[in-house]
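Asker: Sequence and predicted structure are below.
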Amino acid sequence: MKKNIAVLRGDGVGKEVVKGAIEVLKAIGEQYDHEFSFQHALIGGTAIDKEGTPLPADTLEVCKHSDAVLLGAVGGPKWDQNPPHLRPEKGLLQIRKALNLYANVRPVTCFNSLLDASPLKREIIENVNFVIVRELTGGLYFGKPSGRKIENGEETVVDTLSYKRVEMERIIEKSFEMARARKKKVTSVDKANVLESSRMWREVAEEVAKRYPDVALEHMLVDNAAMQLIRNPRQFDVIVTENMFGDILSDEASMLTGSLGMLPSASLSSNGPSLYEPIHGSAPDIANMNIANPIATILSAAMMLRLSFGMEDEAKAVERAVEQVLAAGYRTADVVQFPRKSISTTEMTERIKEALVEDGAISNIMSAYA
Ligand SMILES: NC(=O)C1=CN([C@@H]2O[C@H](COP(=O)(O)OP(=O)(O)OC[C@H]3O[C@@H](n4cnc5c(N)ncnc54)[C@H](O)[C@@H]3O)[C@@H](O)[C@H]2O)C=CC1
Ligand SMILES: CC(C)CC(=O)C(=O)O
Ligand SMILES: [Mg+2]
């Protein structure tokens, strides 16, 4: 099969982890006789430096004409003081909107060999397997007005949380579809005790639930959800929530998998190419040190193979290779357990590539989100 992949490396460790994922995709292409082509384009701080904007028009064109997009991460202290329209994160928000990437799917489960790597007890994280379905193109990150002004002589700032009913409906429907293929439970997370937007979210969730009588719906307030993720994460099957709650809860949930550097995601489009990205940011504190964990991005590439290209065997091969390398005891510094020695980003990538050609047991991981 021929596939054209747009690659947005972005900033910081984004560049390093994407390099790893491309190498793994190339190896899969050779092994399974696919022709993957990679077209690089600029986004984020790097794009601001080179083109004066965080999302150049030709980047969007490249993405629109691709079969799928692979993204690293954007941002960094160099651009933190820029005005809002010249912040790297703006480029990411713009591309999510422009490609209609309304559903961000973040599967949370821990590889067996990392059960003892998490700071959380094995009894808590064993057999955890849930998906966070995060609304990605609405809510606080997009609402207008947003900005600062002087009002009655006082410096004032506003951000707006706004949603259309149809935006709520489509993401909640997505979560029910996914739950139907899994353990048939949706936990809708909101702040309905305070926010009007959450009250409407609840209403819509109840309406959608009527069309899925085989799926159980529960509502949970977001503060409680943050606690339950650590207390008893096995209770969850599909969590659906608005943009910012999903953003925060998924970073928290990443610790159930051993590290923020382990959690992949798919940002699914309603009408065009989808985008695949690790959930982490550009990690400026470890950028250019060759120590970032590439696994979240490599597993995001596996999601691309499965969800955008229908290449289930190839996706499993990647997940199995990751599992084998972890089972053999190799870890990057973010998941390393004393007295184990950590390996670099490039060595982890090499090990995973080597493991691709070996046969192994089917991984305990992923695929349930499909
Ligand atoms: N999707 C994206 O492009 C995102 C971008 N950002 C941006 O990234 C920049 C840094 O933000 P932070 O709050 O520091 O979040 P971050 O996710 O970049 O890093 C948080 C912590 O996790 C570690 N970490 C992250 N990814 C890792 C990996 N692959 N391997 C090992 N350790 C890893 C970092 O070293 C850091 O200590 C900011 O400019 C922020 O706006 C933040 C989140 C998502
Ligand atoms: C620009 C941010 C919204 C990125 C982020 O934190 C994320 O998507 O998880
Ligand atoms: Mg985030």
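Answerer: In hand now; what should we look at? Numbers count the residues shown, from 1 in each chain. Ligands and ions are numbered 1, 2, ... in the order given.

Asker: hey, let's count contacts and neighbours off CA atoms from now on
Answerer: Will do.

Asker: Would the longest helix seen in the chain count as contacting ligand 1?
Answerer: Scanning the chain for the longest helix, with DSSP state H as the assignment, gives helix 13-32. No. Against ligand 1, helix 13-32 shows no contacts by CA under 6 Å from any ligand atom, the least distance being 6.9 Å.

Asker: And the closest residue to ligand 2 within the chain, how close does it get to ligand 1?
Answerer: Sorted by distance to ligand 2 under CA to the nearest ligand atom, the residues of the chain start with Glu89, at 4.4 Å. Glu89 is 6 Å from ligand 1, where distance means CA to the nearest ligand atom, to the nearest Å.

Asker: in the stretch 151-300 of the chain, which spans are helices?
Answerer: For the stretch 151-300 of the chain, the helices identified by DSSP state H, counting those that start in this stretch occupy 165-180, 196-210, 222-231, 243-254, 295-307, in order along the chain.

Asker: Could I get the full set of strands for this protein?
Answerer: Ranges of strands in the chain, per DSSP state E, are 2-10, 35-40, 68-73, 103-109, 129-135, 143-151, 154-160, 185-190, 216-221, 238-241, 266-268, 275-276.

Asker: The shortest one close to ligand 2?
Answerer: No. Applying CA under 6 Å from any ligand atom, one finds strand 275-276 separated from ligand 2 by no less than 11.1 Å.

Asker: before we move on, back to that, export the helices of the stretch 151-300 of the chain as TSV, with columns for mean pLDDT.
Answerer: Conversion of the helices of the stretch 151-300 of the chain to TSV gives the following (pLDDT from 0 to 100):
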stretch	mean pLDDT
helix 165-180	98
helix 196-210	98
helix 222-231	98
helix 243-254	98
helix 295-307	98
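
Asker: Highest mean neighbour count across those helices, which stretch is it?
Answerer: Per residue and on average, the most neighbours among the helices of the stretch 151-300 of the chain fall to helix 295-307, with a mean of 27 (mean count of other CA atoms under 10 Å).

Asker: for it, packing partners?
Answerer: Here helix 295-307 touches helix 13-32, strand 68-73, strand 266-268, strand 275-276, helix 312-327, going by 3 or more CA pairs under 8 Å, 6 or more residues apart in numbering; DSSP states H and E.

Asker: Identify the residues contacting the shortest one?
Answerer: Residues from elsewhere that reach strand 275-276, judged by CA atoms under 8 Å, 6 or more residues apart in numbering: 68-71, 101, 264-269, 297, 300-301, 303-304.

Asker: What mean pLDDT does it get?
Answerer: For strand 275-276, mean pLDDT is 98.

Asker: With the third one instead?
Answerer: Taken as a whole, strand 266-268 carries a mean pLDDT of 98.

Asker: Could you pull up the residues touching the residue of the stretch 101-250 of the chain found nearest ligand 1?
Answerer: For the stretch 101-250 of the chain and ligand 1, the shortest gap (CA to the nearest ligand atom) falls at Asp247, measuring 8.6 Å. Taking CA under 8 Å, 6+ apart as the contact definition, Asp247 lies against Arg134.

Asker: and if you look at Ile230?
Answerer: Under the criterion of CA under 8 Å, 6+ apart, the contact list for Ile230 reads 120, 124, 253, 256.

Asker: now Leu326
Answerer: Applying CA under 8 Å, 6+ apart to Leu326 gives the contacts 113-114.

Asker: Give me the domain ranges for the protein.
Answerer: As assigned by automatic domain parsing, the chain contains the domains 1-107+270-370, 119-257.

Asker: okay, these, which one's buried deepest?
Answerer: A comparison of those by mean neighbour count, using mean count of other CA under 10 Å, puts domain 1-107+270-370 on top with a mean of 20.

Asker: How far off centre is that domain?
Answerer: If you compare the mean C-alpha spot of domain 1-107+270-370 with that of the full chain, they lie 9 Å apart, counting by CA atoms, centre = their mean, to the nearest Å.

Asker: Could you pick out the residues of the protein near ligand 1 for me?
Answerer: Residues of the chain lying near ligand 1 by CA under 6 Å from any ligand atom: 73-76, 89, 260-261, 279-286, 292-294, 334.

Asker: and the protein, which of its residues are near ligand 2?
Answerer: With the criterion set to CA under 6 Å from any ligand atom, the chain comes near ligand 2 through 89, 247, 279.

Asker: go again using 8 Å as the cut-off
Answerer: 74, 89-90, 92-93, 136, 141, 244, 247-248, 250-251, 279-281 (CA under 8 Å from any ligand atom).

Asker: Nearest residue to the middle of the chain?
Answerer: Ranked by distance to the mean C-alpha position of the chain (CA atoms, centre = their mean), the top residue is Ser265 at 2.8 Å.

Asker: check contacts around that residue.
Answerer: Contact criterion CA under 8 Å, 6+ apart gives 104-107, 276-279, 296, 300, 303 as the residues in contact with Ser265.

Asker: Which of those residues sits closest to Val325?
Answerer: Nearest to Val325 among these is Ala296, at 14.1 Å by CA to CA.

Asker: pretty sure that closest one contacts Met262?
Answerer: Yes. Ala296 is in contact with Met262 according to CA atoms under 8 Å; the separation is 4.3 Å.

Asker: what do these two both touch?
Answerer: Jointly contacting Ala296 and Met262 under the rule CA under 8 Å, 6+ apart are Pro278.

Asker: what's Lys97 in contact with, if anything?
Answerer: Contacts for Lys97 (CA under 8 Å, 6+ apart) come out as Thr137.

Asker: Relative to Lys90, how far out is it?
Answerer: Going from Lys97 to Lys90 by CA to CA, to the nearest Å gives 11 Å.

Asker: re the thing from before, could you dump the helices of the stretch 151-300 of the chain into CSV with distance to Asp159 added?
Answerer: Written out in CSV, the entries for the helices of the stretch 151-300 of the chain read as follows (distance: least, CA to CA, whole Å):
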stretch, distance to Asp159
helix 165-180, 19
helix 196-210, 14
helix 222-231, 19
helix 243-254, 12
helix 295-307, 31
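
Asker: Many thanks, have a good one.
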